[in-house]
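A.B. asks: Below: sequence and its predicted model.
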Amino acid sequence: MPCSSNGNAPLQQPQPGTGLTVLDLLELHPFTPRREFLPATKAELVNAVARSTAERKESHALGSNWSLSLAGESADDVINTCRLSRHLAQPFPAVLASSPLAHDRARGGGHTVFDSWVPQDGGRHFIHVEAGIKFKDLLVDLKACRLALPTMGAGGGQSLAGALSTGTHGADFHVPPLVEWIRAVHLVGPGGQEWWITPAQSLFARDEVRRLPGWCPDARIVAHDDAFAAVRVAAGRMGVIYALVLEVVPAYVLVEANLPTTWHSIHNQLAHSRVKTWGGVFNADLEVVNEGWFSQNVVDTMPGITGGSVPVGAKGKNPAGIKRPLSDAQSRELTVQVDALKLAMLDIRDLAEDLSGLAPVQLRHVNIAMNLSRTEQCWITRRWAVPATVRDSHLGPVKREPIEQALIDHPRQPLELIGPIIQEFTKDLDFLDLAGATLLYGGEEIGGHGGQVTELLHLLQVQIPQVAYECATAGATSGEALFLILYRILSNPSLPTRIHDAVLDAITSIVGADFKKRVRAGHASDVLDTHNYDFDGAQSGNSAEFHFDASASDYLTFADRVVSLAGEHYPVLGYLGIRFTPGSSALIAMQQFDLTASVEVATGRVRTEDVYHDFWTSLHNAAEQLNGIPHWGEESRQSKAALAGHYGQRLTRWQAMLAELSTDGPRVFSNDFSRSSGLEPSTPTGLFLGEPLSMYRDTLEACSD
């Protein structure tokens, strides 16, 4: 039975005939639950779940709702975890944390129950934190304590539990995904029943956990490998995660390099990369920035910089202007001066100084992106974790183009984009002779093509304002209006080629925004979160991600198919991303392989016109044909049978654990998504109904694999 609460969770309930509208990040799947609970304490959370169960309501946790799948939808109740966002303990062991959390960041200043459980000199660090905390806030907290997350996805606006429950990952191929760093889960399941779930062998699988402040006497402690493997990635189906014990690491520095490349080049590298020996694209050790791989590929290849060191015997001039060979000392001195100039042009002299004498560091992160409107145009991000203190390098905001700034300033006012867009695409219009149907664009005369001039005038005077007005009337974002305008321009072959080129350049600027800084470096907490919060509220798009065995070629075959589809359905405004992550022990995590390759595809979208219907249909079909495993938090069209084929017995084991953890109400956290995906319980056996922990640990271990 759940513990009684001394107060109800605040409740938002709309008047009859109205609704609470819940939006995801890209406003793909808005839904209207009947009511929204806003618990600020564990007791209020328990009360909310118990109430939904007693009233036989469908319920679901609601974090940031960045998920683009239907996993978070609920026809009845949502339980918003935004107020459950504080730490429950100071980072521990306390002696190892150089700096404590601010008092207001930990409930009651933080408990010390776990301090004696963890070896003081073991070199490991843990936090006990409410699962509604946003990653960006957690990063700030950890930095203040001289700690860091070992890895994460690129979006810091997600809630901790929401991101982990859908398997969200980053691109660190030498670091297990963050779900592998969870050490205990405090779950509130159907009926308000509390569960403390750990592996069978764990520092946190103890009866003494009952000493935690506010512990419910009826809470059930489960130390079971399959239960732990099931609850960490469950897409919200098992209940509401109240808190997590998460292992973190001492603060470290990330050095990042962003380089342009081509699909031909990167495809060849990937095709010949060897996962087991970390060759090819995975082989790029960082030594110091002015030597080795970094110097050859980042410094020397910057536009405007050519050549390496100055060879001995190179010709120089004496003061009289007579050429003569340089001496060894002169060659070395000139090389030093040239190297210093290169670093100055990149503005990384401080970084070079800070990393001086660094032992070689293995590459840990690869993120590849392709511009789908120019499929040969790609970028690659590489990162290294270094055990050094460095001054921040290029962590500030980038300069915004006028159209980008208009989106930021007017996220939901499409009419405000008309001026900046027209200005952008007429800035090279030098002369327009209506009578002679001649225009001079970027110094190029286009005469005798009255159709092109007419089309250009129609675009500027009619089409751009009309699209903006239609989007404004439909309640669309400014991003949707911009997308449709750019799409219409590129779809019109009668417009001057120079206009098309200008549009493609604008798209390149948007798609390649994350790669504009050639080098970035700083505390991991300042580098890991790359989400562009400025565009929140203005965005539009569709996105899907599929996961493959990185040791096989199916992921490259799928990427090639996406490239072909982008050509068949030109213009496709969006990107393709390729990342690599190690396997996960969570039963239905997408990372089912020793090294998993994920291929993400994202395009623009407008709610008034489904311009990419055929593109997306073909793409989802191709992914399923190649056995691509869809991301639980992105768009997916795969059937229950297809998902069962991906996960096999792991899904069967997951369903069994769901049954054991849902005996108090097997349907309360069920929704259309879980039913269509096969995330429903099998028949329970009552495995976890015994107490206390010492009475059934042997049985639990015997049942786990």
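C.D. replies: It's in.

A.B. asks: mean confidence score for the biggest helix by length in the chain?
C.D. replies: Taking DSSP state H as the criterion, the chain has its longest helix at helix 328-346. For helix 328-346, the mean pLDDT works out to 76.

A.B. asks: Output the contacting helices and strands for it.
C.D. replies: helix 349-354 (3 or more Cβ pairs under 8 Å, 6 or more residues apart in numbering; DSSP states H and E). From N, CA and C alone the C-beta is placed, and that goes for glycine too.

A.B. asks: Starting from the helix it packs on, tell me the next helix or strand along the chain.
C.D. replies: On the C-terminal side of helix 349-354, the closest following helix or strand by DSSP states H and E is strand 365-371.

A.B. asks: Just the buried positions in that following strand, please.
C.D. replies: Neighbour counts over strand 365-371 (16 or more other Cβ atoms under 10 Å) mark 365-371 as buried.

A.B. asks: Out of these, flag the one nearest to residue 506.
C.D. replies: residue 371 (11.5 Å; Cβ to Cβ).

A.B. asks: do you know how far the nearest residue to that closest one once chain neighbours are set aside is from residue 115?
C.D. replies: Counting by Cβ to Cβ, 6 or more residues apart in numbering, the nearest residue to residue 371 once its immediate chain neighbours are dropped is residue 377, at 4.3 Å. Distance, residue 377 to residue 115, by Cβ to Cβ, to the nearest Å: 53 Å.

A.B. asks: where does the stretch 551-700 of the chain dip in pLDDT?
C.D. replies: For the stretch 551-700 of the chain, residues meeting the criterion pLDDT under 70 lie at 690-700.

A.B. asks: in it, which spans are helices?
C.D. replies: 554-568, 613-625, 640-647, 649-661, 672-677, 693-703 (DSSP state H, counting those that start in this stretch).

A.B. asks: Show residues contacting the fifth one.
C.D. replies: In other words, helix 672-677. Outside helix 672-677, the residues that touch it by Cβ atoms under 8 Å, 6 or more residues apart in numbering are 69-71, 73, 235, 237, 639-640, 643, 679-680.

A.B. asks: Dump the residues you listed into TSV; add neighbour count and distance to residue 568 as well.
C.D. replies: Shown next, in TSV, are those (neighbours: other Cβ atoms under 10 Å; distance: Cβ to Cβ, whole Å):
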residue	neighbour count	distance to residue 568
69	22	26
70	19	28
71	26	31
73	24	33
235	24	33
237	26	37
639	13	25
640	14	30
643	19	28
679	25	34
680	17	38
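
A.B. asks: In contact with the closest residue to residue 293 other than its chain neighbours, which residues?
C.D. replies: Excluding the flanking residues, the one nearest residue 293 by Cβ to Cβ, 6+ apart is residue 284, at 4.9 Å. Residue 284 makes contact with 293, 297, 363, 382 under the criterion Cβ under 8 Å, 6+ apart.

A.B. asks: Just these: which are in helices?
C.D. replies: In helices, judged by DSSP H, the following of the contacts of residue 284 are found: residue 293.

A.B. asks: what ranges do the strands span in the stretch 51-200 of the chain?
C.D. replies: 59-62, 77-80, 87-89, 106-111, 125-130, 147-148, 182-188, 194-198 (DSSP state E, counting those that start in this stretch).

A.B. asks: Give me the mean pLDDT for the second one.
C.D. replies: If I follow you right, that is strand 77-80. Rounded mean pLDDT across strand 77-80 is 96.

A.B. asks: Likewise for the first one?
C.D. replies: Model confidence over strand 59-62, given as mean pLDDT, is 96.

A.B. asks: what's the pLDDT at the spatially closest residue to residue 609 that is not a sequence neighbour?
C.D. replies: Among residues not flanking residue 609 along the chain, residue 484 sits closest, at 6.8 Å (Cβ to Cβ, 6+ apart). Here, the pLDDT recorded for residue 484 equals 96.

A.B. asks: how near is residue 484 to residue 470?
C.D. replies: Here residue 484 is placed at a distance of 8 Å from residue 470 (Cβ to Cβ).

A.B. asks: What segments of the stretch 151-300 of the chain are helices?
C.D. replies: Taking DSSP H, counting those that start in this stretch as the criterion, the stretch 151-300 of the chain contains helices spanning 160-165, 225-231, 263-271, 292-294.

A.B. asks: quick one: low-confidence ranges for the protein?
C.D. replies: Flagging of the chain using pLDDT under 70 yields the residue ranges 1, 4-19, 95-98, 304-324, 326, 331, 335, 428-450, 690-705.

A.B. asks: one step back: could you dump the helices of the stretch 551-700 of the chain into TSV and include distance to residue 400?
C.D. replies: What follows is the helices of the stretch 551-700 of the chain, written out as TSV (distance: least, Cβ to Cβ, whole Å):
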stretch	distance to residue 400
helix 554-568	27
helix 613-625	29
helix 640-647	41
helix 649-661	45
helix 672-677	37
helix 693-703	56
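
A.B. asks: which of the ones you listed is buried the deepest?
C.D. replies: helix 649-661 (a mean of 21; mean count of other Cβ atoms under 10 Å).

A.B. asks: circling back to that earlier point, any idea how many residues pack against the residue nearest to residue 609?
C.D. replies: 25 (other Cβ atoms under 10 Å).

A.B. asks: Which helix or strand contains it?
C.D. replies: Going by DSSP H and E, residue 484 is in helix 478-490.

A.B. asks: Past that helix, which element shows up next along the chain?
C.D. replies: Following helix 478-490 in sequence order, the next helix or strand is helix 497-511 (DSSP H and E).
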